[in-house]
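In: 3D, please:
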Amino acid sequence: MKRLFLFFLMVSLFTSAFSEDLARPQSRGGERNGYEIRPSEFHGTERSERYGNFHHFYAEKKNDPSVSKSGAVSSKSRVNWIEREFVSDISLDMKKARLQMPSGKTAATALITQRLPFLLKTPVLSIFVDSNSYLGDFVESENITLEQISHIVEASKRSPSLFTADGKSLETTNTIMLNTISKELVKHKYPYMVEPPLDSVATREYSGIIIDCRGSLPVHGEYSKSETYPCFFPKVWDEEMNLIFEKNMVSRDVAMDKGIVAYHYSDDFSLFEDRVGTDPLYIKAFKVYGRNRCDPLIRRSDAWKIIALEANKKLIQDGKVVLLLDKDNLICDVKVPEKDSNYYASFKAVKKYMYENKVPDIEVKESLQGILFSVDLKFVPDSPELLPEETGRIRKIAEMLKEIVADNSFTILVEGHTADLGKPVGQMNLSIERTRTVMQALVTEGVPESLFTYKGYGATRPVASNATEEGRAQNRRVDITARPRATYIQRDWN
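Out: As a prediction, the model looks like this:
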């Protein structure tokens, strides 16, 4: 509770300009940990142990005019990892804002300035920091605060505001340099170097390092393929999962000034000659790794060409590394879940229902992708079969999901995880089978099957140590996420 309170306080700082809006019933709370329910909210006529009142409360909030009005300010963002820019086209609807041109231009510009941090919050928090984390995860872990991000947004470059030809909208473009965010996450003072191989290796000095990650690659530890995606701090591994390159191997000044790597898509190496010189070492990645698919794996023989020579290890320290990715992943529009007033009403209703019904061993919180139900479901050992006593919890989860998806604005993702007992193939298959079991159980309770997607990760995404029984118990979990439909357009729903 203390952690939730601290996080809610950060959100209040981030949206301090909107305190009157936050006082209204549809108050959003934090983007990561979400709305914190207070017991006093459940006293009186709304309090009930029956599902019927959950339905009533949900419907009442959805139909409340104060939570359903359209936003006057909207944005569409795109990211360019080559130029390291996060660009947002902002538009204000003069009619919805109840302003008139040209006299209302000053007020309209001020309104855009006021709403900009909130408007860009979700797209910015969706940026990959590394292969396992979004920027939003780093906010939750307190490596960076929403207040810091707000200051970065406020200090970013914005073009002059101009009316459209018909005078109905006021438009501007906002540009955030990605390095202004990533440098806040560089904590080390001095870089370290990886130990050289014990064996003698044939290599020579190079002017830089290019790792080609283009195309669909096998995902290490999973039975799938994926393209590689950009992030602030990618890591490079060899085929034995020895770490060859990471953030703390790069000079602090370099990491803060221009990032630990550069990204590009072209075969014309002269385009990034300033980064890798005229005689770079070219390496072809053969796998990709991580939840976000950001880390390339290279052959041990290629890794040794780097780490066997001090001059080549110095290339890492100086950040003379370029990763080649597919162009569509480097320059693209940003698509994130649409978290409008109905979404937050749904989330608040779920939290209320969970509080009133005291549903055991289910953690509900707001994740970047949507409303996350993390469930400690019990299965027959080494089997995808649920224990009979889980029927009640499955039924309650299904009841909540049916209300959330009733207006067809959500999809459902079921993800299965296991503890690591040294049987990767069996663990992967078991996690997939268990997600199917959970999905079918929810479908049996009336949740539409067409809304489901399921994934099994085996033991590749632990949340605790597998060295203890307590840790292994935490790693045996099923995550169910109600995901709002994704959109390229962000709107200010206050």
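
In: I'd say Ile90 and Thr113 touch.
Out: No - in this structure Ile90 lies outside contact range of Thr113 using CB atoms under 8 Å: 9.9 Å. C-beta coordinates here come from the backbone N, C-alpha and C atoms, glycine included.

In: More neighbours: which of the two?
Out: Ile90 (26 against 16; other CB atoms under 10 Å).

In: buried ones in the strand or helix carrying the more buried one?
Out: Using DSSP states H and E, Ile90 sits within strand 85-93. By neighbour count on 16 or more other CB atoms under 10 Å, the buried set for strand 85-93 is Glu85, Phe86, Val87, Ser88, Ile90, Ser91, Leu92, Asp93.

In: Adding distance to Ser169 and pLDDT as columns, could you present these in CSV?
Out: Output for those, formatted as CSV (distance: CB to CB, whole Å; pLDDT from 0 to 100):
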residue, distance to Ser169, pLDDT
Glu85, 23, 97
Phe86, 22, 97
Val87, 18, 97
Ser88, 15, 95
Ile90, 10, 94
Ser91, 5, 94
Leu92, 6, 93
Asp93, 6, 92
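
In: Return the member of those residues nearest to Asn429.
Out: Phe86 (39.6 Å; CB to CB).

In: Look up how far Val321 lies from the closest one.
Out: Taking CB to CB, to the nearest Å as the measure, Phe86 falls 22 Å from Val321.

In: try Val219
Out: Val219 sits 22 Å away from Val321, going by CB to CB.

In: neighbour count winner among these two?
Out: Val321 (24 against 18).

In: Who is the more buried one paired with across the strands?
Out: Taking DSSP bridges as the rule, Val321 bridges to Ile209.

In: Look up how far Gly208 lies from it.
Out: Val321 sits 7 Å away from Gly208, taking CB to CB as the criterion.

In: for the residue lying closest to Cys231 once chain neighbours are set aside, what are its contacts?
Out: Nearest residue to Cys231 in three dimensions, chain neighbours excluded: Phe128, at 3.6 Å (CB to CB, 6 or more residues apart in numbering). Phe128 sits next to Tyr134, Leu135, Tyr229, Pro230, Cys231, Phe232, Asn292, Cys294 when contact means CB atoms under 8 Å, 6 or more residues apart in numbering.

In: So the last one versus Leu323, what's the distance?
Out: Cys294 sits 9 Å away from Leu323, going by CB to CB.

In: Show me the common contact partners of those two, please.
Out: Thr228, Pro230, Pro234.

In: quick one: low-confidence parts of the chain?
Out: 1-70, 488-494 (pLDDT under 70).

In: Just give me the closest of the contacts of Phe128 to Tyr223.
Out: Among these, Asn292 lies closest to Tyr223 (CB to CB), at 18.0 Å.

In: ok, how many other residues are close to that closest one?
Out: 20.

In: and what of the one 10 residues further on?
Out: Each residue near Asp302 was counted by other CB under 10 Å, and the total is 21.

In: Run through the bridge partners of the closest residue to it other than its chain neighbours.
Out: Leaving out its chain neighbours, the residue that sits closest to Asp302 by CB to CB, 6+ apart is Ile283, at 4.5 Å. Note on Ile283: beta-bridge partners by DSSP bridges are Ile211.

In: export stretch 358-376 as CSV, just CAs?
Out: These are the backbone C-alpha positions of stretch 358-376, laid out as CSV (Å, rounded to 0.1, in the frame of the first residue of the first chain):
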residue,chain,number,x,y,z
LYS,A,358,-12.2,-10.6,-1.3
VAL,A,359,-11.1,-12.8,-4.3
PRO,A,360,-8.0,-14.6,-3.1
ASP,A,361,-4.6,-14.7,-4.8
ILE,A,362,-5.5,-12.4,-7.7
GLU,A,363,-3.5,-9.3,-8.1
VAL,A,364,-5.2,-6.7,-10.3
LYS,A,365,-3.2,-3.7,-11.5
GLU,A,366,-3.0,-1.4,-14.5
SER,A,367,-0.2,-2.4,-16.9
LEU,A,368,0.9,-0.6,-20.0
GLN,A,369,-1.1,-3.0,-22.1
GLY,A,370,-4.3,-2.9,-20.0
ILE,A,371,-5.9,-4.3,-16.9
LEU,A,372,-3.7,-7.1,-15.7
PHE,A,373,-5.0,-10.1,-13.6
SER,A,374,-2.0,-12.0,-12.2
VAL,A,375,-3.4,-15.2,-10.9
ASP,A,376,-1.8,-18.0,-8.8
